[in-house]
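Enquirer: Got a sequence here, can you model it:
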Amino acid sequence: MTEPSKIPTIRDLMAQNPATLDRNETLDIPDAIMNLGRIRELMSNPVEERYVLVNIPAFQLEAVQKYEVQQRHRVIVGRTERQSPSVKATIRALNFFPYWRVPDSVAHLDLIPRLMKEPDYLQNEKIRVLDAAGVNEVDPQTVNWTAPEAQKLKFRQDPGPQNALGLGVIDVKSHEVESPAVVAERIRQAAKIVPPDRLTVNPDCGLVHLPRDVTFAKLCAMVEGTRIVRRELGA
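Expert: Here you go, the predicted structure:
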């Protein structure tokens with residue numbers, strides 16, 4: 001009888017030199033090598049009893065208390081070409097009705113091109129233009145949006161009913177596929193609170209952990225459920 005292979009622990013992985021590891025023979029978890037630097041960084045500091053950890057590759061946030069995960073949520077992260085930065089900070093307060101300070105990458109690649117096509121976009125969305133320091137307000141009518149100086153400006157959206165809402169209508173933690181009727185009902189319930197033109201239907205931050213056939217079926221249900229409500233609204 002052969003001895004069962006040992007699954008390496010985090011400390012086992014840290015003791016290894018990743019340059020000498022054979023990905024196919026030595027490790028049962030090849031992806032752990034890729035994240036070895038992150039593991040070392042996390043373990044180099046004392047572990048707090050209470051913290052929030054965002055796992056960017058997994059599109060996941062975990063709220064930990066007394067060393068146990070109390071809540072787990074999907075999150076939106078950057079793209080390959082516009083990656084989310086690694087940040088370590090102390091959470092001092094939570095604001096449930098915040099201003100939205102538009103990230104520079106979103107402003108340069110999305111916002112400025114759109115407002116050049118739709119001059120009233122900033123006013124309709126209650127987005128303010130600020131100077132490069134993000135302090136003093138600037139009259140957008142005085143800005144030449146094609147000039148390089150425009151790339152230095154900051155944008156801030158006021159909180160309020162004009163803010164769009166991303167409505168997650170798919171359960172990304174379940175392999176059970178929703179029917180279009182279920183999706184349509186979820187949209188109807190949300191539309192009782194938020195005007196339909198402010199709703200953006202989405203699959204709730206990603207389906208990365210589901211099999212492809214399940215993912216495809218869920219997306220089809222989402223699309224068809226949205227079509228049902230659009231027909232009801234005459235859209």
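
Enquirer: rest of the way, CA atoms for contacts and neighbours
Expert: Fine.

Enquirer: State the mean pLDDT of the longest helix belonging to the chain.
Expert: Using DSSP state H, we find that the single longest helix of the chain is helix 212-233. On average, the pLDDT along helix 212-233 is 94.

Enquirer: do the same with stretch 122-129
Expert: 92.

Enquirer: May I have the longest helix of the chain exported as PDB, CA atoms only?
Expert: Output of helix 212-233 as PDB, limited to C-alpha atoms (Å, rounded to 0.1, in the frame of the first residue of the first chain):
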ATOM      1  CA  ARG A 212     -19.500  27.100 -17.300                       C
ATOM      2  CA  ASP A 213     -22.800  25.300 -18.100                       C
ATOM      3  CA  VAL A 214     -24.400  26.600 -14.900                       C
ATOM      4  CA  THR A 215     -23.000  30.100 -15.500                       C
ATOM      5  CA  PHE A 216     -24.300  30.200 -19.100                       C
ATOM      6  CA  ALA A 217     -27.800  29.000 -18.000                       C
ATOM      7  CA  LYS A 218     -27.900  31.600 -15.200                       C
ATOM      8  CA  LEU A 219     -26.900  34.400 -17.600                       C
ATOM      9  CA  CYS A 220     -29.600  33.300 -20.100                       C
ATOM     10  CA  ALA A 221     -32.200  33.400 -17.400                       C
ATOM     11  CA  MET A 222     -31.000  36.900 -16.400                       C
ATOM     12  CA  VAL A 223     -31.300  38.100 -20.000                       C
ATOM     13  CA  GLU A 224     -34.700  36.600 -20.600                       C
ATOM     14  CA  GLY A 225     -36.000  37.800 -17.200                       C
ATOM     15  CA  THR A 226     -34.900  41.300 -18.000                       C
ATOM     16  CA  ARG A 227     -36.700  41.100 -21.300                       C
ATOM     17  CA  ILE A 228     -39.900  40.100 -19.600                       C
ATOM     18  CA  VAL A 229     -39.900  43.200 -17.400                       C
ATOM     19  CA  ARG A 230     -38.900  45.400 -20.300                       C
ATOM     20  CA  ARG A 231     -41.900  44.200 -22.300                       C
ATOM     21  CA  GLU A 232     -44.100  44.900 -19.300                       C
ATOM     22  CA  LEU A 233     -42.800  48.400 -19.100                       C
END
